[in-house]
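Peer 1: Would you be able to build a 3D model of this:
(one chain, ligands or ions: 1)
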Amino acid sequence: MSTAFAAPLLDLDAIDVGRLPKGLLDSRICADYRIVVLSKRNNRLMVATADPADQQAAEKIKFATQMGVDWVIAEYDKLSKLVEAQTTTANEAMDNIIGGSDFEFDDMATDPVVADATDKAAEVDDAPVVKFLHKMLLDAFNMRASDLHFEPYEHTYRVRFRVDGELREIASPPIAIKDKLASRIKVISRMDISEKRVPQDGRMKLKVGPDRVIDFRVSTLPTLFGEKIVIRILDPSSAKVGIDALGYEPEEKERLMNAISRPYGMVLVTGPTGSGKTVSLYTCLNILNKPGINISTAEDPSEINLPGVNQVNVNEKAGLTFAAALKAFLRQDPDVIMVGEIRDLETADISIKAAQTGHMVLSTLHTNDAPTTLTRMMNMGIPTFNIASSVILITAQRLARRLCATCKAPLDVPRKALVDAGFKSEELDGTWTPYKPVGCSACNNGYKGRVGIYQVMPISEEIQRIILRGGSALDIAKQASVEGVRTLRESGLLKVRQGLTSLEEVLSVTNE
Ligand SMILES: [Zn+2]
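Peer 2: Take a look at the predicted model:
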C-alpha cells in the first residue's frame, strides 16, 4: 500500500504518543475515520491511516481544518488502539490545545511494498477494485484469517475468510467487480492475465510494518461463472511463535524436545489437513536451525520461508519427487532432513535409511493417531525391524478453537455427559467447570485463535517389541497409555479442564 499510494509507512509503536499534537482535528472525526494526526507543517497535516484510499476521510479533514493532508500508513490494529486512547483523553486534550511541540518525521521506512508489481498493475488499475482488494487483505490479516476466498456465482459474488479453521462470509461486492478483481490479483501474483480457462498459481507479498512482510499464495480456478481465487496467508511469524505458544503440555514438550535433540532417528507428525502439522514441523526446524547444522527440506510446496534452511519444492511433473529430493539431500552432507509427507514406499524406505544412518528425519503422515501411524507403515510394506529401529517419536495433533477469555462463561454439564465424553470420575472433583463460547467484540462467536491438542508418543523399548512382533494399533495404544501417553481425546479433555476450549469443540475435533 505504501508504494501504491506513495505514502510512507510508520510503526506506531515507535512514536512517543505523549508528543503527538493535540486539538488539531475533532476527536470524533479521528474516531470515525480511524486516523491520528501526527504533525503539522506549514499548511499541511501528516495523518496516520490504514486506508489511504479513503477519499471521504481526506475531504473531511480538509474541510474541518482548511489544511492539506499527507497520508502516512500505519497498521490497522495499532492505529485502532491509538485512536481509542486518543479519544478517551479527548477532553483533556482540548484543554491544552496545541500545547505540545510538533512531531517530526525524520527517516521513515519507505521500502517498496507489494512486490514490484505496482507498475505493471497500472494496466488493470481501477481505484475501487484496488481499494477493495487492499481492504480485504488488511481485514483478513487483522482478523488473523488463513485464507481468503473470492467466489463468482451466476448473480452474486461472495468473499469468505477462513478464521480459526472456519469459513465466514465477509462481503458480497457487486458481481461486476469479478473480472477486474481477478485481473488485479493475477497481475500482482505474476500469473498469465489472459489465461482464464486453466487453474494457475502464484505468490504475492504485502509489507505491513517496518520489518514485517506477509506472503500470500494465490490460486485461481475456472468455475462456471468466472475465476474463483483463493489467497492463502503465509505468515512467516507463524513459524516463529515458539513451542510454548503451540499448546503442548510440559511433559509433551519435553518428550518432543528430547526426540528432536537426538543425533539421529525419525520424528513423525500426523493428523489431517489443517491440523497444524506444518507449524509444528517448522517450529522444530527453528529450534534445530543453528549455523553448525545442515537442514534440507522437501515440500509440496514450501509454505514459509526459513532463512538458513535449504528448502526445495518437489515438482512431480519435472521428476523431482520427494524420493528424488531425499536422495539428493543424502549426497549433500545433511544433518537434518524434513520430508513434507511420506506418501509411498520409496520415500518411506529412503527416509528410514537416512534416519538409520545418522540423520534426524522429520516428516508427516496422514493418519488418525500415533499408534495407527505405526500400523500404517507396516501396511505400506516397511519391514517391522526398520520401523522399530528408526522411528523415535510420533506426535498426532488437532487444532481446537480457543475460547475467548473475555466472554467465555461457565457451562453446567450433567455429570453423565462428562463421563460419556471420557472424563474419569476422579477428575470430576468439583474443582473446575467447563466453559462455553459466548461472543463479544473481541472474538469470533466466542472463540479467538486455536490451541493444539497432542498425542506425543515416544517409541519405548516395549513399543518397539510390539512393532517387531507385528502387533496391532490397539496393542500399541494400550502400552502407550500404560506409559502415560494421553490419547487425543484425553489431551482435549485436559484443555477443557483448563478452560482453554469447550467440550463441544473437543468432541468435534477428536471424534474418530
Ligand atoms: Zn469474546
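Peer 1: Whichever residue of the stretch 101-250 of the chain sits closest to the ion: neighbouring residues, count only.
Peer 2: Nearest residue of the stretch 101-250 of the chain to the ion (C-beta to the ion) works out as Asp164 at 12.2 Å. For the C-beta atoms, the positions are set from N, CA and C on the backbone; glycine is no exception. Per other C-beta atoms under 10 Å, the neighbour tally for Asp164 reads 20.
Peer 1: and if you look at the one 3 residues further on?
Peer 2: As a burial measure, Leu167 scores 12 neighbours (other C-beta under 10 Å).
Peer 1: which residues touch it?
Peer 2: With contact taken as C-beta atoms under 8 Å, 6 or more residues apart in numbering, Leu167 is in contact with 149, 160-161.
Peer 1: quick one on the thing from earlier: spatially, and excluding backbone neighbours, which residue is closest to the residue of the stretch 101-250 of the chain closest to the ion.
Peer 2: Spatial nearest neighbour of Asp164, chain neighbours left out: Arg401 (4.9 Å); criterion: C-beta to C-beta, 6 or more residues apart in numbering.
Peer 1: On the strand side of things, show who that neighbour bridges to.
Peer 2: Judged by DSSP bridges, the bridge partners of Arg401 are Arg450.
Peer 1: Next, work out how far apart it and Ile350 are.
Peer 2: Separation of Arg401 from Ile350 (C-beta to C-beta, to the nearest Å) stands at 38 Å.
Peer 1: Repeat that for Leu38.
Peer 2: Taking C-beta to C-beta as the measure, Leu38 falls 58 Å from Ile350.
Peer 1: and if you look at Asp16?
Peer 2: 57 Å.
Peer 1: Of these two, give the one with the bigger neighbour count.
Peer 2: When neighbours are counted by other C-beta under 10 Å, Asp16 and Ile350 differ, and Ile350 comes out ahead with 22 against 8.
Peer 1: Pull the distance from the strand or helix carrying that one to the chain's centre.
Peer 2: Element membership for Ile350, per DSSP states H and E: helix 345-356. Distance of helix 345-356 from its chain centroid, counting by C-alpha atoms, centre = their mean, to the nearest Å, is 30 Å.
Peer 1: Tell me the helix or strand right after it.
Peer 2: The helix or strand immediately downstream of helix 345-356 is strand 360-365, counting by DSSP H and E.
Peer 1: Give the partner strands of that following strand in its sheet and their orientations.
Peer 2: Its sheet considered, strand 360-365 pairs with strand 265-270 (parallel), strand 336-339 (parallel) by DSSP bridges.
Peer 1: For burial, what's the neighbour tally of the nearest residue to His134 once chain neighbours are set aside?
Peer 2: Spatial nearest neighbour of His134, chain neighbours left out: Met1 (5.7 Å); criterion: C-beta to C-beta, 6+ apart. Burial measure for Met1: 23 neighbouring residues, criterion other C-beta under 10 Å.
Peer 1: Is it correct that Met1 is in contact with Trp71?
Peer 2: No: at 9.7 Å, Met1 does not count as touching Trp71 under the criterion of C-beta atoms under 8 Å.
Peer 1: Need the overlap of contacts for these two.
Peer 2: With contacts taken as C-beta under 8 Å, 6+ apart, Met1 and Trp71 have 7, 52 as neighbours in common.
Peer 1: show me what contacts Thr501?
Peer 2: With contact set as C-beta under 8 Å, 6+ apart, Thr501 has these partners: 400-403, 451, 492, 495.
Peer 1: could these go into JSON lines alongside distance to Arg331?
Peer 2: As requested, the contacts of Thr501 are exported to JSON lines (distance: C-beta to C-beta, whole Å):
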{"residue": "Ala400", "distance to Arg331": "42"}
{"residue": "Arg401", "distance to Arg331": "44"}
{"residue": "Arg402", "distance to Arg331": "44"}
{"residue": "Leu403", "distance to Arg331": "49"}
{"residue": "Val451", "distance to Arg331": "41"}
{"residue": "Gly492", "distance to Arg331": "43"}
{"residue": "Lys495", "distance to Arg331": "44"}
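Peer 1: Among these, which one sits closest to the ion?
Peer 2: The shortest approach to the ion among those belongs to Leu403, at 8.2 Å (C-beta to the ion).
Peer 1: mind listing what that closest one touches?
Peer 2: Here Leu403 is in contact with 435, 437, 446-448, 499-502 (C-beta under 8 Å, 6+ apart).
Peer 1: Which one (most neighbours) among those residues?
Peer 2: The most crowded member of the contacts of Leu403, judged by other C-beta under 10 Å, is Thr501 (27 neighbours).
Peer 1: out of everything not next to it in sequence, what's closest to it?
Peer 2: Ala400 (4.4 Å).
Peer 1: Check that neighbour and give its pLDDT.
Peer 2: Ala400 carries a pLDDT score of 95 in this model.
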